[in-house]
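Enquirer: Compute the structure for the input listed below.
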Amino acid sequence: MKIFKDLFFLLIAFVVAFSAIANKTLSKYDALLYESYKSGNMEVWAGVIESLQKDYGINNDNATLLSLIQAQYGYIGYLIGIKESKKARQYLTQAEENADNLIVIQPNNADALALRAALMAYQIALSPYKAPFIGPKSMTAINHSLEVNPNSAQALLEKANSAHYAPSMFGGNPVEAVKYYTKCIAAMEQQNGGSEPKIWIYLNAYAQLALAQEKAKQIPNAKRTYLYILKIAPDFKWVANELYPQFKERHNL
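Expert: Okay, here's the model as predicted:
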């Protein structure tokens, strides 16, 4: 009996230690993605995706799989933005498969559900003719992810993105987008103990908030948001070199 008890506690210790190692590794990847996002060096980002794929192949850990999907999600958005459609489709196919696999394992994982909905939206960005067919499915999936967990930062982000970028006839509303970006940012800060998390998606949410505020004609608020971004991440090139200078030029600031 004592042997089984000892083996049980040994197994628990192994699981805890392995989890700590996995979390430390994921934190390292978060730091790499954060610096990559600020600098615009996407070669680093692609390298993180490759490393996460290898890690998941070894540890088969759900947290690693979620981090991989999030990294793929961010990289696909970048590829679409620079018109690398063929490469974006390749990564999208992989990300969709990963998201589907994670949802089978964890059907109530709101982050995974929201990411799957976002990947549907990427299908529309790559093939706009699919909008009438995929758009409603993506919106339904986003709403479902929020029903599963109303405080999921990823779900709140995708709700904000859909309100920000969808045409008004399909539910686009910049004022709603501002509301959900603000909730998303608050959720990420709450998950980080009340302080600003140094993760790329936090900066992304703030940048998108500023863009949505401008679109909603909340110009003073947009200016405050840009200045705050530059306070917490003065080396964030997208905002420092593009978004904020263009914003000031448009509004004679």
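Enquirer: for stretch 234-252, how far is the first residue from the last?
Expert: By C-alpha to C-alpha, to the nearest Å, the extent of stretch 234-252 from end to end equals 22 Å.
Enquirer: Tell me which stretches of the stretch 101-250 of the chain form helices.
Expert: 110-126, 131-148, 153-165, 174-191, 200-215, 219-232, 237, 244-250 (DSSP state H, counting those that start in this stretch).
Enquirer: So which of these is the most surrounded?
Expert: Between those, helix 153-165 has the highest mean count of neighbours, a mean of 25, where neighbours are mean count of other C-beta atoms under 10 Å. The C-beta positions use only the backbone N, C-alpha and C, and glycine is treated the same way.
Enquirer: Using PDB, write out every CA atom in it.
Expert: Output in PDB follows, covering the C-alpha atoms of helix 153-165 (Å, rounded to 0.1, in the frame of the first residue of the first chain):
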ATOM      1  CA  ALA A 153     -10.100  38.100 -23.400                       C
ATOM      2  CA  GLN A 154      -9.900  36.300 -26.700                       C
ATOM      3  CA  ALA A 155     -13.700  36.100 -27.100                       C
ATOM      4  CA  LEU A 156     -14.000  39.800 -26.200                       C
ATOM      5  CA  LEU A 157     -11.300  40.700 -28.700                       C
ATOM      6  CA  GLU A 158     -13.000  38.800 -31.500                       C
ATOM      7  CA  LYS A 159     -16.400  40.400 -30.600                       C
ATOM      8  CA  ALA A 160     -14.600  43.800 -30.800                       C
ATOM      9  CA  ASN A 161     -12.900  42.900 -34.100                       C
ATOM     10  CA  SER A 162     -16.200  41.800 -35.700                       C
ATOM     11  CA  ALA A 163     -17.900  45.000 -34.700                       C
ATOM     12  CA  HIS A 164     -14.800  47.000 -35.900                       C
ATOM     13  CA  TYR A 165     -14.300  45.500 -39.300                       C
END
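Enquirer: Show the average pLDDT along it.
Expert: Averaging pLDDT along helix 153-165 gives 96.
Enquirer: before we move on, back to that, need the helices of the stretch 101-250 of the chain in JSON lines with distance to Y75, can you?
Expert: JSON lines is the format used below for the helices of the stretch 101-250 of the chain (distance: least, C-beta to C-beta, whole Å):
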{"stretch": "helix 110-126", "distance to Y75": "11"}
{"stretch": "helix 131-148", "distance to Y75": "19"}
{"stretch": "helix 153-165", "distance to Y75": "16"}
{"stretch": "helix 174-191", "distance to Y75": "20"}
{"stretch": "helix 200-215", "distance to Y75": "11"}
{"stretch": "helix 219-232", "distance to Y75": "21"}
{"stretch": "helix 237", "distance to Y75": "17"}
{"stretch": "helix 244-250", "distance to Y75": "24"}
